[in-house]
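**Q** Pasted the sequence and its predicted model underneath.
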Amino acid sequence: MKKKIAILGSTGSIGTQTLDVIAEHSDLYEARVLTAGSNASKLIAQARQFAPDAVVIANEAKYAEVRDALADTDVKVYAGAKALREVVTMPSVDVVVSALVGFAGLEPTLAAIMACKTIALANKETLVVGGQLVQSLAAQYKVAILPVDSEHSAIFQCLAGEGNNEIDKIILTASGGPFRKFTREQLDHVTAADALHHPTWVMGDKITIDSATMMNKGFEVIEAKWLFGVDASKIEVHVHPQSIVHSAVQFSDGSVKAQLGIPDMRLPIQYALSYPSRLPLSGKRLNLFEVGQLTFEKPDTDRFPCLSLAYEATQRGGNIPCALNAANEVANLAFRQGRLSYNGIYQVIRQVIDETDFDANADLDVYRDTDRQARLDAQALIKP
């Protein structure tokens, strides 16, 4: 029986590479649901190629365009946030690849969990915002959450077969982004165009900027805490410019296991779909003779303070990581639009976090309210 896949965010980087994996193993997988935010033309092309049962365009203004373009097919077309939450519950879906960007991924992922679908999680913000709620529901509904991020997939692979062996620490690797050697003064003059030239990974614009500020790595610390049940104090970030060691785990006997490979997101995507099996994957193989050397550095939180801000947020807990994410989404977009400086990203997030009313027992309603208020607070700090 083929696994039936729903992809939330099929037109983004993770979504398109998931479709590459499905196409390569069409005897094992089929795309039954595809969703996009606003990229109607790409969603239409994907629907014609993969013939899913249904597609959703979140931007309701694009509904007629998608509906009319697919009128000669059997594909059902829906629009809006409510439809995103509903399509993941379809009986024809086995696995939901959650690849939406930001807070938008939380509620559809929760809906999929409550519909007892296996989750292949690429939307790290789901765990940043509501990790305790997500893991509680996953346990209640006996749903597996399989990591898609390359670093968390690496940790997952290192833990395979280890049972309850005690973890000393998780070593979470980071490329360092495009500004690894820049001074703080130089960083005050960089542009979004500069930041979007990532040295090793090809990603969407939002996550590429988060990589440049190292907020993305901070989010990954929070994600690892919830995925693997390890306190953030035991998660150590190592800057590794070659992006060959995707992450590692040190156990109580001092042994360290690492997962290595070329930077190719299709590998962790495929592993999440095929787990516990490994399938053949086309593409270049790692050649350590060509790589030559692997280097590691401590992250500089003076130049990249967003990383330490993420540690602070997860240690405070409650609704603070939710506010962190919301403020970052607003500041990240403002930087891309030229309305905020690179160093201003941290300053905006810092002030929003400081002004957020703390709620230690946050539920979904609290997350919604916190997300809304933090966005308003961040917008108020940024020039129009």
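**A** All right, it came through fine.

**Q** Centre of the chain to stretch 119-127, how far?
**A** Between the centre of stretch 119-127 and the centre of its host chain there is 5 Å, according to Cα atoms, centre = their mean, to the nearest Å.

**Q** Now do it: everything it contacts.
**A** For stretch 119-127, contacts defined as Cβ atoms under 8 Å, 6 or more residues apart in numbering pick out 8-9, 14, 95-103, 105-106, 109, 112-113, 134-135, 138, 143-149, 216, 219-220, 222-223, 226-227, 269, 272-273, 325. In this view, the C-beta of every residue, glycine as well, is placed from N, C-alpha and C.

**Q** What residues of it count as buried?
**A** 119, 120, 121, 122, 123, 124, 125, 126, 127 (16 or more other Cβ atoms under 10 Å).

**Q** Neighbour count says what about the contacts of stretch 119-127? Which are buried?
**A** Buried by 16+ other Cβ under 10 Å: 8-9, 14, 95-103, 105-106, 109, 112-113, 134-135, 138, 143, 145-149, 216, 219-220, 222-223, 226-227, 269, 272-273, 325, out of the contacts of stretch 119-127.

**Q** Among these, which are located in helices?
**A** Judged by DSSP state H, the subset of the buried ones among the contacts of stretch 119-127 located in helices is 14, 106, 109, 112-113, 134-135, 138, 216, 219-220, 222-223, 226-227, 269, 272-273, 325.

**Q** Give the closest residue to residue 183 in space, chain neighbours not counted.
**A** Closest residue in space to residue 183, ignoring its immediate chain neighbours: residue 303 at 7.3 Å, by Cβ to Cβ, 6 or more residues apart in numbering.

**Q** Hmm, residue 184 and the one you found touching each other?
**A** Yes: taking contacts as Cβ atoms under 8 Å, residue 303 lies within contact range of residue 184: 5.3 Å.

**Q** Tell me which of the two has more neighbours.
**A** Neighbour count, other Cβ atoms under 10 Å: between residue 303 and residue 184, residue 303 has more, with 18 against 13.

**Q** Now do that one against residue 210, distance only.
**A** Using Cβ to Cβ, to the nearest Å, residue 303 is found at 15 Å from residue 210.

**Q** quick one: pLDDT of the closest residue to residue 367 other than its chain neighbours?
**A** Leaving aside its sequence neighbours, residue 367 sits nearest to residue 322 (Cβ to Cβ, 6+ apart; 5.0 Å). At residue 322, the model reports a pLDDT of 97.

**Q** burial of residue 322, as a residue count?
**A** Neighbour count of residue 322, defined by other Cβ under 10 Å: 28.

**Q** wait, what's in contact with it?
**A** So residue 322 contacts 103, 128, 129, 130, 362, 366, 367, 370, 371, 374 (Cβ under 8 Å, 6+ apart).

**Q** do the same with residue 342
**A** Applying Cβ under 8 Å, 6+ apart to residue 342 gives the contacts 179, 187, 188, 190, 195, 212, 213, 335.

**Q** Next, count neighbours for residue 367.
**A** Residue 367: 23 surrounding residues under other Cβ under 10 Å.

**Q** Can you give me the distance of it to residue 218?
**A** Distance from residue 367 to residue 218, counting by Cβ to Cβ: 18 Å.

**Q** sorry, back to before: quick check, nearest of the contacts of residue 322 to residue 168?
**A** residue 128 (24.3 Å; Cβ to Cβ).

**Q** Any idea how many residues pack against that closest one?
**A** Neighbourhood size, residue 128 [other Cβ under 10 Å]: 28.

**Q** how about it, what does it touch?
**A** For residue 128, the contact set (Cβ under 8 Å, 6+ apart) comprises 219, 222, 223, 321, 322, 324, 325.

**Q** State the pair within those residues that is farthest apart.
**A** For the contacts of residue 128, and using Cβ to Cβ, no pair is farther apart than 223 and 322, which are 13.8 Å apart.

**Q** before we move on, back to that, now the residue nearest to residue 183, what's its secondary structure?
**A** The three-state label given to residue 303 by DSSP: H, G, I helix; E, B strand; the rest coil is coil.

**Q** how about low-confidence regions in this structure?
**A** The model of the chain has pLDDT under 70 over residues 201-202.

**Q** what are the ranges of the strands in it?
**A** Applying DSSP state E to the chain gives strands spanning 3-8, 29-36, 54-57, 76-79, 95-98, 118-121, 145-147, 167-174, 235-239, 245-251, 256-260.
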